[in-house]
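1. Sequence plus the predicted model coming up.
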2 protein chains.
Amino acid sequence: MKNRIITISREFGSGGRTVGKLAAQKLDIPCYDQEVIEKIAQQSGFSPAYIKEQGEYAVRAGWLSNALASRFSNGLTSQDQLWLIQRKVILELAEKGPCVLVGRCADYILREEADCLTVFIHANMDKRAERIVQVYGEREETPEKRLRDKDKRRAAYYQFYTDMTWGDARHYDVALDSGVFGIEKCVSTLVHLY
Amino acid sequence: MKNRIITISREFGSGGRTVGKLAAQKLDIPCYDQEVIEKIAQQSGFSPAYIKEQGEYAVRAGWLSNALASRFSNGLTSQDQLWLIQRKVILELAEKGPCVLVGRCADYILREEADCLTVFIHANMDKRAERIVQVYGEREETPEKRLRDKDKRRAAYYQFYTDMTWGDARHYDVALDSGVFGIEKCVSTLVHLY
């Protein structure tokens, strides 16, 4: 019997991480988010901050950046190496028991390894802009610019490693607009569907 | 106060129409599906069968088919004319009171005219193939070929008239995989979210 896992993919600023945490609390199962990053940090030697950025947003731009990228002795770029470690960490966590996994392409990594409820949380630009200013504070760049940049890079990363289109409803069991429903309603819906 | 409407977009064979009908029953509001087609038929003079096909699947292939297409006296192609009548019929139905509307780009037509819960129902190819053979019986073409053809044409139609990508989770408040959850669970989820 495969473990029952909820994977949360989310647009930056949609509150998807909070939805995952609260759903895990209600279901009395662990939610892995920061733990995933820390485990990858331990196993790779990179800092959690570097992993956070590289592991979900960065994509090699082409042959030149590839050629110049730092390489491990096995010939992989550091980003590919991180992907392999990330894959291993997520498989290990999924093996331990039912849980919620936020981000890191867990839906794709576990697609044949676990009994997953795959979730995509999104919201429109205004709602997300409001939220990131609340949660992360003001920055020099406008929240809209920050969101567009994050969206673009997360979509590119996802596409590169999974060969699937980020945000296509057909890749997920359920997709919810947290701006329309609010966090609580998203949580109760996931509990209903789990 | 705008009326509360559920719009159902669905992949062919996903059971989205049935989900809409059952959700409407539970919520004790009307579900318009065949009625939309009949009203368009009355107002346009075309047969319901023609409208079913043209109104959701056909897209003008280019300048030549445009040039050759039958035209109304106002210079619109018959397909554009159908779109305008469809738009009018959907706006009239939405005006009458809360309801469920299946297909016909109602989500797009009503985006600023009603308080909509916009829904996308999808399922993988195997589940849909099984369903269309059950519901519509065997045909000369394989169910997979029929589905691919319908998918392609519905996506093209949607894109042409709405300029949005068919199946992108971000266009819908909620998207559900009816193959994973089953019809009943989809219905109860919509009732929960309404």
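-> Structure received.

2. Chain A: strands as residue ranges?
-> Applying DSSP state E to chain A gives strands spanning A:4-10, A:31-32, A:99-102, A:115-122, A:174-177.

3. Sheet partners, orientation included, of the shortest one?
-> Counting by DSSP bridges, the strands paired with strand A:31-32 are strand A:99-102 (parallel).

4. and the partner strand, C-alpha only, in CSV?
-> The C-alpha trace of strand A:99-102 is given here as CSV (Å, rounded to 0.1, in the frame of the first residue of the first chain):
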residue,chain,number,x,y,z
CYS,A,99,2.3,13.8,4.5
VAL,A,100,2.0,17.1,2.7
LEU,A,101,4.8,18.2,0.4
VAL,A,102,5.0,21.8,-0.7
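
5. What residues of stretch A:39-53 count as buried?
-> By 16 or more other C-beta atoms under 10 Å in any protein chain shown, the buried positions in stretch A:39-53 come out as A:39, A:40, A:41, A:44, A:46, A:50, A:51, A:52. Yep, even glycine has a C-beta here, placed from its N, CA and C like the rest.

6. Off-centre distance for that stretch?
-> 15 Å (C-alpha atoms, centre = their mean, to the nearest Å).

7. What segments of chain A are helices?
-> A:16-27, A:34-44, A:48-54, A:63-68, A:78-96, A:106-109, A:125-136, A:143-162, A:178-181, A:183-193 (DSSP state H).

8. winner for burial among those?
-> For those, the stretch with the most neighbours on average is helix A:106-109, a mean of 24; neighbours defined as mean count of other C-beta atoms under 10 Å in any protein chain shown.

9. so, in contact with chain B or not, that one?
-> No: Helix A:106-109 is not in contact with chain B by C-beta under 8 Å from any C-beta of the partner chain; minimum separation 12.3 Å.

10. Report the beta-bridge partner residues of residue A:101.
-> Following DSSP bridges, residue A:101 is listed with bridge partners residue A:7, residue A:32.

11. Show the pLDDT at the closest residue to residue A:123 other than its chain neighbours.
-> Of all residues not flanking residue A:123 in the chain, residue A:179 sits nearest, at 3.3 Å (C-beta to C-beta, 6 or more residues apart in numbering or on different chains). Residue A:179 carries a pLDDT value of 96.

12. List the residues that contact residue A:179.
-> Contacts for residue A:179 (C-beta atoms under 8 Å, 6 or more residues apart in numbering or on different chains) come out as A:14, A:123, A:124, A:126, A:127, A:128.

13. Residue B:175 versus the residue nearest the centre of chain A, what's the distance?
-> What sits nearest the mean C-alpha location of chain A, by C-alpha atoms, centre = their mean, is residue A:103, with 1.4 Å. According to C-beta to C-beta, to the nearest Å, residue A:103 and residue B:175 sit 19 Å apart.

14. in stretch A:163-183, what counts as buried?
-> A:166-181, A:183.

15. how about the nearest residue to residue A:108, chain neighbours excluded?
-> Using C-beta to C-beta, 6+ apart, the nearest residue to residue A:108 is residue A:162, at 4.2 Å.

16. Now do the same for the one you found: its pLDDT.
-> For residue A:162, the pLDDT comes out at 89.

17. Looking at the buried residues of stretch A:39-53, which is nearest chain B?
-> Nearest to chain B, judged by C-beta to the nearest C-beta, of these is residue A:52 at 23.6 Å.
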